[in-house]
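Participant: Provide a 3D model corresponding to the input given below.
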Amino acid sequence: MSAFANVVLGGVFHAAVLFLVAAGLQLVFGIQKIINLACGSFYALGAYFGITFLGLAFALGMPAWLLLPALLLSGALLAFVGPLIELVLSTVYDRDESFQLLLTFALVLMFQDVFRFIWGANPRSLDSAHLVYGTFASGDFSIPVYNLLVIAAAIMTAASLGAFLRRTNYGRILRATAENRRMAEALGVNVRGVYASVFTLGTVLGTIGGALVVPTSAASLDMAIEFVVEAFAVVVIGGLGSMAGALAGALVVGLIRAFSILVYPELETLAIYFIVIGVLLLRPSGLFGRAPA
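Facilitator: Below is the predicted model:
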């Protein structure tokens, strides 16, 4: 039973990080109708910058227990990337989806070269810095407290996003823009400003997700491509444009990945594809997506 609990919580931890990136992807698509392949690059950027930021912070005497707040801050500091990328994407808003996919994929390749130029080709890690918070143990069961904190942060993010979109005036403006951009413009909504703020929020969710994962794994050049595959699996399973779907899809992918690694590691990615294919065959709109009228 302890081994089972370890696997489940390991999967939930991965799902928590995956949700942050997928939530940004869902938010951007739901409002801007842009399929952003570069979300994996934001995740990788957050990971690399998080390592650099922590190295500088520790060198300046930051206490080790401030690890989590420092990582959250490092991800938030990358918010300036969002408006810059959104300005580039604004050139293809009214063009065919193929142009959007090609442009965002080009951004992925460009980011990889930037990572290689700044941080080099070798993986970078924090050498188990997350253990500063200790480990929660009971019998054969044990989990780093840091993992539990990240899971709690993801739950709080999901609740906050839901409340923001449903209960605030700006959230209602975002939903109105998602439903009918032209009508929102006619009512005086600054749609360009909405798009810039939404893309920036999506970017920050991705960079924070990348920053939070680096204490438990290395930052590498291929992590952007690997993670974007999982992020789109989450979107397909949960339903494109659905925040609840992002949460459910992240849990499915995270748990499937964890159990695949335990049973037969070579099936890790293939098992996720099987689930995606099954969802596409049985419910093409996803678990929480709306079928086209």
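
Participant: Would you map the strands across the stretch 151-293 of the chain?
Facilitator: Using DSSP state E, counting those that start in this stretch, the stretch 151-293 of the chain contains no strands.

Participant: got the contact list for Leu66?
Facilitator: Ala57 (Cβ atoms under 8 Å, 6 or more residues apart in numbering). (Each C-beta comes from the backbone N, C-alpha and C, glycine too.)

Participant: And for Tyr43?
Facilitator: With the criterion set at Cβ under 8 Å, 6+ apart, Tyr43 makes contact with Val21, Gly206, Thr207, Gly209, Gly210, Val213, Met223, Ala224, Phe227, Val228, Ala231.

Participant: Now it: closest residue in space that isn't a chain neighbour?
Facilitator: By the measure of Cβ to Cβ, 6 or more residues apart in numbering, the closest residue to Tyr43 outside its immediate chain neighbours is Gly210, 4.0 Å from it.

Participant: Tell me, how many residues neighbour that neighbour?
Facilitator: For Gly210, the neighbour count with other Cβ atoms under 10 Å is 32.

Participant: And Pro284, by the same measure?
Facilitator: As a burial measure, Pro284 scores 12 neighbours (other Cβ under 10 Å).

Participant: phi, psi of it?
Facilitator: Dihedral angles phi and psi of Pro284 (degrees, to the nearest 10) take the values phi -60, psi -30.

Participant: What of Thr216?
Facilitator: Per-residue torsions, Thr216: phi -110, psi -10 (degrees, to the nearest 10).

Participant: Now Ser128: closest residue in space that isn't a chain neighbour?
Facilitator: Distance criterion Cβ to Cβ, 6+ apart; nearest residue to Ser128, sequence neighbours excluded, is Pro215 at 7.5 Å.

Participant: returning to what we had before: please determine how far the residue nearest to Tyr43 is located from Phe53.
Facilitator: Per Cβ to Cβ, to the nearest Å, Gly210 is found 12 Å from Phe53.

Participant: quick one: pLDDT of Tyr48?
Facilitator: The model reports Tyr48 with a pLDDT of 95.

Participant: which ones are touching it?
Facilitator: Residues near Tyr48 by Cβ under 8 Å, 6+ apart: Phe115, Ile118, Trp119, Arg124, Gly210, Ala219.

Participant: and with 10 Å instead?
Facilitator: By Cβ atoms under 10 Å, 6 or more residues apart in numbering, Tyr48 lies in contact with 74, 111, 114-115, 118-119, 124, 207, 210-211, 214, 219-221, 223.

Participant: for Leu187, same thing?
Facilitator: The contact partners of Leu187, by Cβ under 10 Å, 6+ apart, come to Ile173, Ala176, Thr177, Asn180.

Participant: same check, this time on Gly162
Facilitator: Gly171, Met243, Ala244, Leu247.

Participant: Now restrict the residues you listed to buried residues only.
Facilitator: Neighbour-count burial (16 or more other Cβ atoms under 10 Å) applied to these gives Met243, Leu247.

Participant: Point out the ones among the contacts of Tyr48 that are inside helices.
Facilitator: Members of the contacts of Tyr48 lying in helices (criterion: DSSP state H): Ser74, Phe111, Val114, Phe115, Ile118, Trp119, Thr207, Gly210, Ala211, Met223.

Participant: Mind checking the pLDDT average for the lengthiest helix in the chain?
Facilitator: With secondary structure taken from DSSP H, the chain has its longest helix at helix 2-32. The average of the pLDDT scores along helix 2-32 is 85.

Participant: quick one on the thing from earlier: so can I have JSON lines of the ones in helices among the contacts of Tyr48 showing pLDDT?
Facilitator: What follows is the ones in helices among the contacts of Tyr48, written out as JSON lines (pLDDT from 0 to 100):
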{"residue": "Ser74", "pLDDT": "94"}
{"residue": "Phe111", "pLDDT": "94"}
{"residue": "Val114", "pLDDT": "93"}
{"residue": "Phe115", "pLDDT": "94"}
{"residue": "Ile118", "pLDDT": "93"}
{"residue": "Trp119", "pLDDT": "93"}
{"residue": "Thr207", "pLDDT": "95"}
{"residue": "Gly210", "pLDDT": "93"}
{"residue": "Ala211", "pLDDT": "93"}
{"residue": "Met223", "pLDDT": "89"}
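
Participant: tell me which of these is nearest to Leu161?
Facilitator: Set against Leu161, the nearest of these by Cβ to Cβ is Thr207 (15.9 Å).
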